[in-house]
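Asks: structure for the following, please:
(2 chains)
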2 protein chains.
Amino acid sequence: MTVKKANQKELFKAPYQLFLGCDDNELAIKTSRGIAQWNPDVCVAEFAGEKSTLSVGLPKNSIKEAAKIGAKTFVIGLANAGGIVDPDWEPYILEAIENGMDIASGLHRRLDEIPSIKEAAIKHQVTLHDVRHGYTDLKTGTGIKRSGKRILSVGTDCSVGKMFTTLSITQEMKKAGFDAEFKATGQTGVMITGSGICIDAVVADFISGGIEELSPDNGDDHWDIIEGQGSLYNPAFAGVSLGLLHGAQADIVIMCHEADRPYIKGMPHMDMPEMNDCIKLNLKHASLTNPKARLGGISLNCRNVSVKEGAKQRNALQEKFGVPCFDPMITGSGLFVETLK
Amino acid sequence: MTVKKANQKELFKAPYQLFLGCDDNELAIKTSRGIAQWNPDVCVAEFAGEKSTLSVGLPKNSIKEAAKIGAKTFVIGLANAGGIVDPDWEPYILEAIENGMDIASGLHRRLDEIPSIKEAAIKHQVTLHDVRHGYTDLKTGTGIKRSGKRILSVGTDCSVGKMFTTLSITQEMKKAGFDAEFKATGQTGVMITGSGICIDAVVADFISGGIEELSPDNGDDHWDIIEGQGSLYNPAFAGVSLGLLHGAQADIVIMCHEADRPYIKGMPHMDMPEMNDCIKLNLKHASLTNPKARLGGISLNCRNVSVKEGAKQRNALQEKFGVPCFDPMITGSGLFVETLK
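Replies: Presented below is the predicted three-dimensional model:
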């Protein structure tokens, strides 16, 4: 129902009412929690079905009330297995449409494939935003050097904290007075910031071209902080990671890793890469479109190890690679941002 | 109008009538020429508009006659800038539909987006095959080792002869008694063989998974000869190349290069990679899903150099890398196939 442009600043109309679903499934509301944490200014209300006791700490308005106080988009800040639209959600989505709100979704299933929702959207002239669909007008990459500065998070694997790292760096850089902007490349990041491009959802020919469009020419002192995806060592998603690396033309690469991860996510037959190897390979590929690309820091996700063990591992990595090693959840990313001054 | 499965053996119903368009544009009929050369058994007729004098050497039947002698698919074996369906072609496509033929196209523009063609296809119950569209049921890659043997062509750049090399190897291996099968990954290859998957047209998340499906478990003595795409050094398409490399789990990699190519295709700002570097990087990535991957040969496209210079360069590469170096157009690929015996 809408074509999203990668470099569009406001993908969804603010402010939002966040929809938390109908069950007590804490994991499923990761996206809503992310929006409330990282983009609180655009949130005016939350809403959950009767049986749910979940909250992300926003005012609990009815859908009608939220529309009255100005909510423009009803955000389905939810993830579930299969990415389907739960039939229990449908009446609430329809109510939001009837109250004039646009709907935003990062689910795999398209909203406009559900006849009742499509019909209501046409009748009430609201927009359905399916952030995992509709990237139809991208161009192929060119590799031509762009102005401005760029930081990209890369990883030893998927789900090691690349999004959290780049959001944290952006926040700390802004605090320190830098002209910094987060660039989302995954559905959660896009939903959190209300802009960006789900790079794993574009046609394969347009991976690097999509990132070139997401992070265009900019002022010499402007920094784009680009969310990475996957890993060169993940046999499912490495193609996305490499296209992203080439499109980003990063000046600085931040290597993200989860301490003590035993093997590639969901693949006991695939070893985790050696950190030194992983850094070298990422820098080699990054140099194709930015010969000056360098390692700027290591973000170590320490959720699986003790406080003491985490500190020990961060110190060891810092010593070995000569760059700041931080856990954005524990230490923040100030240690890295300091080095940019 | 149809969902193509990657490992489907017969994508289009044979035999074909090849459509050569309405103009004398030799370059545009590359696909038809490829089908007539590599898959002659499925071709019964050709057809061109009045103004065209082109031929691929097949009987020149009218569309009605071709249908009468059994043609089941009218193949638009044409490429043009923008991948559009030329309005001049429309009456002939409609005539083929009215005579009960399916239509096959490798163009960017979907046949079923043209109302007259869609309407006629529904009315006459024929299938529209858009090989660049419709890959909706792929899975993400797993990296789990599959049985059977695989050869993959990789390249220093796009359009250096990867498809031709793999077609030639498949043909020579079959002649030598091997159980060999060509696996197409681009629109020309898919149109030529009537099966395969246009890997640059799938959603980015499914590149390696698509190739895993294209080349599934097989007998220990079976060889899949997989057509490569792009290059790890082409900043537009490297993501596709890497996903393909991981999905293929190649036992043997054939490096393809065009002698004296001055820079990456269409990108004067991008240097061609050094051959040794390119081989090492491809083998490094290939080893993620097949630790035994090795370089088996170098295919040197010598169309831009003299016969003498080509022979000299092939000898030099053969000497340097210790594997056969051949030009499938000039020497054939027997030199490489010999080494498999």
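Asks: burial check on A:V202, number of neighbours?
Replies: Neighbour count of A:V202, defined by other C-beta atoms under 10 Å in any protein chain shown: 24. In this view, the C-beta of every residue, glycine as well, is placed from N, C-alpha and C.
Asks: over to A:F321?
Replies: By the criterion of other C-beta under 10 Å, A:F321 has 16 neighbours.
Asks: where do the strands of the stretch 151-300 of chain A begin and end?
Replies: Using DSSP state E, counting those that start in this stretch, the strands found in the stretch 151-300 of chain A span residues A:179-183, A:222-226, A:252-258, A:294-301.
Asks: what's the answer for the stretch 1-150 of chain A, then?
Replies: Under DSSP E, counting those that start in this stretch, the stretch 1-150 of chain A gives strands at A:16-19, A:43-47, A:73-76, A:102-105, A:128-130, A:149-155.
Asks: quickly, which of the ones you listed bottoms out on average pLDDT?
Replies: For those, mean pLDDT drops lowest on strand A:128-130, to a mean of 91.
Asks: what does it contact?
Replies: Strand A:128-130 has contacts (C-beta atoms under 8 Å, 6 or more residues apart in numbering or on different chains) with A:1-2, A:4, A:11-12, A:73, A:102-105, A:107, A:110-112, A:117-118, A:121.
Asks: next, format the strands of the stretch 1-150 of chain A as JSON lines and append mean neighbour count and distance to B:F182.
Replies: Shown next, in JSON lines, are those (neighbours: other C-beta atoms under 10 Å in any protein chain shown; distance: least, C-beta to C-beta, whole Å):
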{"stretch": "strand A:16-19", "mean neighbour count": "28", "distance to B:F182": "50"}
{"stretch": "strand A:43-47", "mean neighbour count": "23", "distance to B:F182": "55"}
{"stretch": "strand A:73-76", "mean neighbour count": "27", "distance to B:F182": "45"}
{"stretch": "strand A:102-105", "mean neighbour count": "26", "distance to B:F182": "41"}
{"stretch": "strand A:128-130", "mean neighbour count": "24", "distance to B:F182": "37"}
{"stretch": "strand A:149-155", "mean neighbour count": "26", "distance to B:F182": "35"}
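Asks: turn the ones you listed into CSV, including distance to A:G57.
Replies: Output for these, formatted as CSV (distance: least, C-beta to C-beta, whole Å):
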stretch, distance to A:G57
strand A:16-19, 10
strand A:43-47, 8
strand A:73-76, 15
strand A:102-105, 20
strand A:128-130, 24
strand A:149-155, 27
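Asks: how about those, which one is nearest A:V202?
Replies: Between A:V202 and these, the tightest spacing by C-beta to C-beta is seen for strand A:128-130, at 13.4 Å.
Asks: ok, that closest one: who's next to it in the sheet?
Replies: Its sheet considered, strand A:128-130 pairs with strand A:102-105 (parallel) by DSSP bridges.
Asks: give me the distance from the partner strand to the chain's centre.
Replies: Relative to the chain's own centre, strand A:102-105 is displaced by 17 Å; criterion: C-alpha atoms, centre = their mean, to the nearest Å.
Asks: then stretch A:134-146?
Replies: With C-alpha atoms, centre = their mean as the basis, stretch A:134-146 stands 19 Å off its chain's centre.
Asks: pull out the buried residues from that stretch.
Replies: By 16 or more other C-beta atoms under 10 Å in any protein chain shown, the buried positions in stretch A:134-146 come out as A:G134, A:Y135, A:L138, A:T140, A:G141, A:T142, A:G143, A:R146.
Asks: neighbours of A:G82, just the number please.
Replies: 7.
Asks: tell me who's in contact with A:T188.
Replies: Taking C-beta under 8 Å, 6+ apart as the test, what A:T188 contacts is A:K30, A:T31, A:G34, A:A79, A:G106, A:M163.
Asks: try it again at 10 Å.
Replies: A:30-31, A:33-35, A:77, A:79, A:106, A:131, A:163-164, A:198, A:227 (C-beta atoms under 10 Å, 6 or more residues apart in numbering or on different chains).
Asks: A:E319: which element?
Replies: Using DSSP states H and E, the element containing A:E319 is helix A:307-321.
Asks: now do the helix or strand that that helix is followed by: which elements does it pack against?
Replies: Per DSSP H and E, the first helix or strand lying C-terminal to helix A:307-321 is strand A:325-326. If you count contacts as 3 or more C-beta pairs under 10 Å, 6 or more residues apart in numbering or on different chains; DSSP states H and E, strand A:325-326 packs onto helix A:162-175, strand A:252-258, strand A:294-301, helix A:307-321, helix A:334-338.
Asks: make it 8 Å
Replies: The helices and strands touching strand A:325-326, judged by 3 or more C-beta pairs under 8 Å, 6 or more residues apart in numbering or on different chains; DSSP states H and E, are strand A:294-301, helix A:307-321, helix A:334-338.
Asks: buried residues in the longest one?
Replies: It refers to helix A:307-321. Going by 16+ other C-beta under 10 Å, helix A:307-321 has these buried residues: A:G310, A:A311, A:Q313, A:R314, A:L317, A:Q318, A:F321.
Asks: one more: stretch A:17-36?
Replies: Buried-residue list, stretch A:17-36, by 16+ other C-beta under 10 Å: A:17-23, A:28-36.
Asks: export the buried residues of helix A:307-321 to JSON lines and tack on pLDDT?
Replies: Listed next are those as JSON lines, based on pLDDT from 0 to 100:
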{"residue": "A:G310", "pLDDT": "98"}
{"residue": "A:A311", "pLDDT": "98"}
{"residue": "A:Q313", "pLDDT": "98"}
{"residue": "A:R314", "pLDDT": "98"}
{"residue": "A:L317", "pLDDT": "98"}
{"residue": "A:Q318", "pLDDT": "98"}
{"residue": "A:F321", "pLDDT": "98"}
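Asks: which among those are in contact with chain B?
Replies: Checked against chain B using C-beta under 8 Å from any C-beta of the partner chain, the buried residues of helix A:307-321 yield no neighbours at all.
Asks: and which of these is nearest chain B?
Replies: A:F321 (20.4 Å; C-beta to the nearest C-beta).
Asks: and chain A, which residues reach chain B?
Replies: A:140-145, A:199-205, A:207-209, A:232-233, A:235-244, A:246-247, A:264, A:267, A:269-270, A:281, A:284-285, A:288-289.
Asks: filter those residues down to the buried ones.
Replies: For the residues of chain A next to chain B, buried by 16+ other C-beta under 10 Å: A:140-143, A:199-205, A:207-209, A:232-233, A:235-244, A:246-247, A:264, A:267, A:270, A:281, A:284-285, A:288-289.
Asks: tell me the contacts of the closest residue to chain B within the stretch 51-200 of chain A?
Replies: Of all residues in the stretch 51-200 of chain A, A:G143 sits closest to chain B, at 3.3 Å by C-beta to the nearest C-beta. By C-beta under 8 Å, 6+ apart, the residues touching A:G143 are A:S208, A:H246, A:L288, A:T289, B:P235, B:A236, B:I264, B:M267, B:H269, B:M270.
Asks: just put those in a markdown table and tack on distance to B:G219.
Replies: A markdown table is the format used below for those (distance: C-beta to C-beta, whole Å):
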| residue | distance to B:G219 |
| --- | --- |
| A:S208 | 38 |
| A:H246 | 38 |
| A:L288 | 39 |
| A:T289 | 42 |
| B:P235 | 39 |
| B:A236 | 37 |
| B:I264 | 39 |
| B:M267 | 42 |
| B:H269 | 47 |
| B:M270 | 42 |
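Asks: and which of the residues you listed is nearest B:D41?
Replies: Among these, and counting by C-beta to C-beta, the member closest to B:D41 is B:A236, at 35.7 Å.
Asks: with that, I have no additional questions.
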